[in-house]
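S.K.: turn this into a model:
(2 chains)
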Amino acid sequence: MTYSSDFLRRLETRGYIHQITDAAALDGAAGKGAITAYVGFDCTAPSLHIGNLVSIMMLRHLQQSGHRPIVLMGGGTTKIGDPSGKDEARQLLGDEQINANLASIKRIFERFLTFGDGPTDAVMVNNDDWLSRLQLVPFLRDYGRHFSINRMLTFDSVRLRLEREQPLSFIEFNYMIFQAYDYLELNRRFGCTLQMGGSDQWGNIVNGTDLIRRVDAKDAFGLTTPLITRADGAKMGKTAKGAVWLHEDQLPHFDYWQFWRNTHDADVGKFLRLFTDLPLDEIARLEALEGAEINTAKEMLATEATALCRGRDAAEAAAETARATFAEGGAGEDLPQFAVSGPVSIVDALIGLGFAASKNEARKLVAQGGARIDGEAVGSDAALVAPGQKVSAGKKRHGLVVAG
RNA sequence: GGAGGGGUGGCCGAGCGGUCAAUGGCAGCAGACUGUAAAUCUGCCGGGUUUCACCCUACGUUGGUUCAAAUCCAACCCCCUCCA
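M.R.: Residues are numbered from 1 along each chain as shown, chains lettered A, B, ... in the order given. Here you go, the predicted structure:
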């Protein structure tokens, strides 16, 4: 479909659109004037991860196209736990933990969006503000009657759990009702007419548009993004070590840069479109590079994606460290460091830098020829490392031993 | 409540008295080949040490039988299936 609104054309050409409830009508509304749209984020962890990045970028494009983004923090819904895509009920978090996570997550959005009071300035709200005030009987009478259990049972989030005979608690069963109510509340408070989210949120989003139609007889839209997968089929952003966090506290700048730098060849174009602001013709050029040249595109991807999330300075510093380390075999200042008072054994250095979990593991690294000091393979695990030297484990993990 | 089946290393899944730190697969790590890619091949893959070896801790929990238990017995906990 060809869109006339700047906003949807942008999303379409960059690969963000999976499903839209009424594409033509939304396109019309977005072409006519500023619309308000929201994405909900839950607060189960102190940082968001790469899996949330597509949604964040969509809000960014929304704002850049002259519309108003709302960031809905799920302070209230996190207390319930979204059953979508899960086999077991989530560990329920307490208020204190949720609030701490929420405060921490807030900072990420300031990188991607402009907040303020202007007509297209982003707004952040917490659904705990209204969800916690709901009263059961009035709520059931006013809104509960619009939800049919028959239909709720057909939603993937519920159906799959039941089919697999995994327990689904009543509290989780209510999650979709609250999410639908959030949309209604945002529609009333901010005139919000679009909810966006991952493809797994489709059911929840549609529930919201339905509720708005039934209760207030108004039209609202939903839009979902495709599940972003890597060329090898794995889910985006899941590594063996866990999620790729957006927060610096959870993942250093250099590692974040490296994550993008190590993108598979086949994903470079897709990721450039989704996760950077580079113009499409520039991306087309980078994507067309072949052989070793594609590495240039990966470096661009890494630097641009890191600049968005961590700031331009951090991105360039990481890029410089990577260049010094990989291209020149030297060392950059962004590498992990291990402070020592004097020479230490290679085994201790590897553990100190976090490259080995135990002495056995470190020794095996040495035995297999994976450990290097200043680029030279270490022959024996008795070898000593002095402050100022670079220690490497394998080809990608490098660190510095420093005096301290 | 009754009758069966099961709980093994990050995950899946063998083993069913010694030769078991436990086959195999996945994931992970390292090496070779490369482009800090993919694919492929090779090795490693509980912890510790004075590392061609030795020691410690491990097969739901707690006891027991035995020279010897992941393997047998008992109790308990948890999960699944069927019946009520």
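
S.K.: up against RNA strand B, what does chain A have?
M.R.: Chain A comes close to RNA strand B at residues A:165, A:167, A:232, A:240, A:258, A:261-262, A:264-265, A:291-292, A:294-295, A:298-299, A:322-323, A:326-327, A:357-361, A:363-365, A:368-370, A:393-397, as judged by CB under 7 Å from any atom of the strand. C-beta coordinates here come from the backbone N, C-alpha and C atoms, glycine included.

S.K.: name the residues of the helix or strand hosting A:Ala297 that are buried.
M.R.: Secondary-structure assignment from DSSP states H and E places A:Ala297 in helix A:294-310. By neighbour count with 16 or more other CB atoms under 10 Å, helix A:294-310 contains the buried residues A:294, A:297-310.

S.K.: in the stretch 51-200 of chain A, where is pLDDT below threshold?
M.R.: A:81-92, A:161-167 (pLDDT under 70).

S.K.: quick revisit: return the subset of the residues of chain A next to RNA strand B lying in strands.
M.R.: Those of the residues of chain A next to RNA strand B mapping onto strands are A:Ala393, A:Arg397, per DSSP state E.

S.K.: what about A:Thr13, how many neighbours?
M.R.: Residues contacting A:Thr13 under the criterion other CB atoms under 10 Å number 12.

S.K.: check contacts around A:Gly375.
M.R.: When contacts are counted by CB atoms under 8 Å, 6 or more residues apart in numbering, A:Gly375 touches A:Gly329, A:Lys390, A:Ser392.

S.K.: what's the separation between the second one and RNA strand B?
M.R.: To tie it back to what came earlier, the one meant is A:Lys390. Distance, A:Lys390 to RNA strand B, using CB to the nearest atom of the strand, to the nearest Å: 14 Å.

S.K.: quick one, phi psi at that residue?
M.R.: In terms of degrees, to the nearest 10, the main-chain angles of A:Lys390 are phi -100, psi 130.

S.K.: stretch A:107-117 spans what distance, first to last residue?
M.R.: The first and last residues of stretch A:107-117 sit 18 Å apart, counting by CA to CA, to the nearest Å.

S.K.: buried only: go through the residues of chain A next to RNA strand B for me.
M.R.: So, by 16+ other CB under 10 Å, the buried ones in the residues of chain A next to RNA strand B are A:Gln258, A:Arg261, A:Ile294, A:Lys298, A:Glu299, A:Ala322, A:Phe326, A:Arg363, A:Leu365, A:Gly370, A:Ala393, A:Arg397.

S.K.: check those residues and tell me the two furthest apart.
M.R.: Farthest pair in those (CB to CB) is A:Ile294 and A:Arg363. Separation: 36.8 Å.

S.K.: isn't A:Ile351 up against A:Ser358?
M.R.: Yes: contact status for A:Ile351 versus A:Ser358: in contact at 7.4 Å, counting by CB atoms under 8 Å.

S.K.: got the domain ranges for chain A?
M.R.: In terms of domains, chain A is parsed into A:6-225, A:252-327, A:337-403 (source: automatic domain parsing).

S.K.: can I get those domains in a markdown table including distance to A:Leu246?
M.R.: Supplementary listing: the domains of chain A in a markdown table, determined by distance: least, CB to CB, whole Å:
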| stretch | distance to A:Leu246 |
| --- | --- |
| domain A:6-225 | 5 |
| domain A:252-327 | 5 |
| domain A:337-403 | 20 |
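
S.K.: for A:His253, what are its contacts?
M.R.: A:His253 sits in contact with A:Thr306, A:Arg310, A:Ala314, A:Ala315, A:Ala317, A:Ala318, A:Asp334, where contact means CB under 8 Å, 6+ apart.

S.K.: tell me how many other residues crowd A:Leu251.
M.R.: Here the number of neighbours of A:Leu251 (other CB under 10 Å) works out to 21.

S.K.: pLDDT score for it?
M.R.: With respect to pLDDT, A:Leu251 has a value of 92.

S.K.: am I right that it is in contact with A:Trp245?
M.R.: Yes: the pair A:Leu251 / A:Trp245 is scored as a contact, 4.3 Å apart, by CB under 8 Å.

S.K.: mind listing the helices for the stretch 301-404 of chain A?
M.R.: Assigned by DSSP state H, counting those that start in this stretch, the stretch 301-404 of chain A shows helices spanning A:312-322, A:346-352, A:359-367.

S.K.: please tell me how far the residue in chain A that RNA strand B sits nearest to sits from A:Phe173.
M.R.: Nearest residue of chain A to RNA strand B (CB to the nearest atom of the strand) works out as A:Gly394 at 2.2 Å. As for A:Gly394, its distance to A:Phe173 is 47 Å (criterion: CB to CB, to the nearest Å).
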